[in-house]
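In: Quick one, what's the 3D model for this:
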Amino acid sequence: MMLIATIAIGGATSCKSKKKLAKEAAAAEYAAKVEQAKKDLNAIINEETSWTIDEQAARVATIKSYNIDDEEVKGLIVKAEQKIEELRARKAEEERLKREEEARRNAAQSEFVVLDNSFNAIANAVSYDAANRKIDETLRQFASPDALVLIIISQEGGVNDYDRPTTISRFLEYLKDKKQYKYKVETLKRDSLGKITELELITK
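Out: This next block holds a predicted model:
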């Protein structure tokens, strides 16, 4: 009987020990989960993670699903969600500005093509009269026949090297005489009336 009792007591002690170990393991796992949650949330709040915005949102959603009963974690979740909304708004604004810049660039390029075509038409005119008519037509786009024309002959390290400055009237006469247009429009400036005051060309 004593042997049976000893075995029974030993079995009960072993069972309690296993339960205690399991409880301690669960507590340790929970503590580790809480600690990792705090670490990840702080990384999101401080923008110290390489995760995409969607990945950050997914991580916050996962942490929320843990239902962690910790006031610090709850507060960090709110801040992380606010940060994600801020990042989404920032990204949307950056994309909007990028689209606007691209649209401006496309519009400018389209505008530049029109001028390039006019200059080509002058250089390739079948007669002086035809060239002169095209010159008169082109000059109407400029604020003055003396509007500045700058020609880039080289670019290095973001610095332009220019040929001697000229005026639009002289440049158009040059095209008529040389019968060759070997440049392309790089930039231009307009006045309040939309007339071109300065033109920058680059050698092809």
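
In: Following element in sequence after the helix or strand of the chain with the lowest mean pLDDT, please.
Out: Counting by mean pLDDT, DSSP states H and E, the weakest-scoring helix or strand in the chain turns out to be helix 2-45, with a mean of 75. If you walk from helix 2-45 toward the C-terminus, the next helix or strand you reach (DSSP states H and E) is helix 53-65.

In: pLDDT averaged over the longest helix along the chain - what is it?
Out: Ranked by residue count and defined by DSSP state H, the top helix of the chain is helix 71-123. Helix 71-123 comes out with an average pLDDT of 92.

In: Now do the helix or strand following that helix, average pLDDT.
Out: Tracing the chain past helix 71-123, the next element assigned as helix or strand by DSSP H and E is helix 128-139. Model confidence over helix 128-139, given as mean pLDDT, is 97.

In: what comes up buried for the next helix or strand after helix 128-139?
Out: Under the assignment DSSP H and E, the closest C-terminal helix or strand after helix 128-139 is strand 148-156. When burial is assessed from 16 or more other CB atoms under 10 Å, strand 148-156 yields the following buried residues: 148-152. For the C-beta atoms, the positions are set from N, CA and C on the backbone; glycine is no exception.

In: can you check stretch 128-143 too?
Out: By neighbour count on 16+ other CB under 10 Å, the buried set for stretch 128-143 is 131, 134-135, 138-139, 141-143.

In: same question, stretch 86-105
Out: Applying a neighbour-count criterion of 16+ other CB under 10 Å, the buried positions in stretch 86-105 are residue 87.

In: for stretch 171-180, same thing?
Out: Taking 16+ other CB under 10 Å as the neighbour-count basis, stretch 171-180 is seen to contain the buried residues 171-173, 175-176.

In: now, which of the residues you listed lie within helices?
Out: 171-173, 175-176.

In: Tabulate these (JSON lines), appending pLDDT and distance to residue 185.
Out: What follows is these, written out as JSON lines (pLDDT from 0 to 100; distance: CB to CB, whole Å):
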{"residue": "171", "pLDDT": "98", "distance to residue 185": "12"}
{"residue": "172", "pLDDT": "98", "distance to residue 185": "14"}
{"residue": "173", "pLDDT": "97", "distance to residue 185": "18"}
{"residue": "175", "pLDDT": "97", "distance to residue 185": "13"}
{"residue": "176", "pLDDT": "97", "distance to residue 185": "18"}
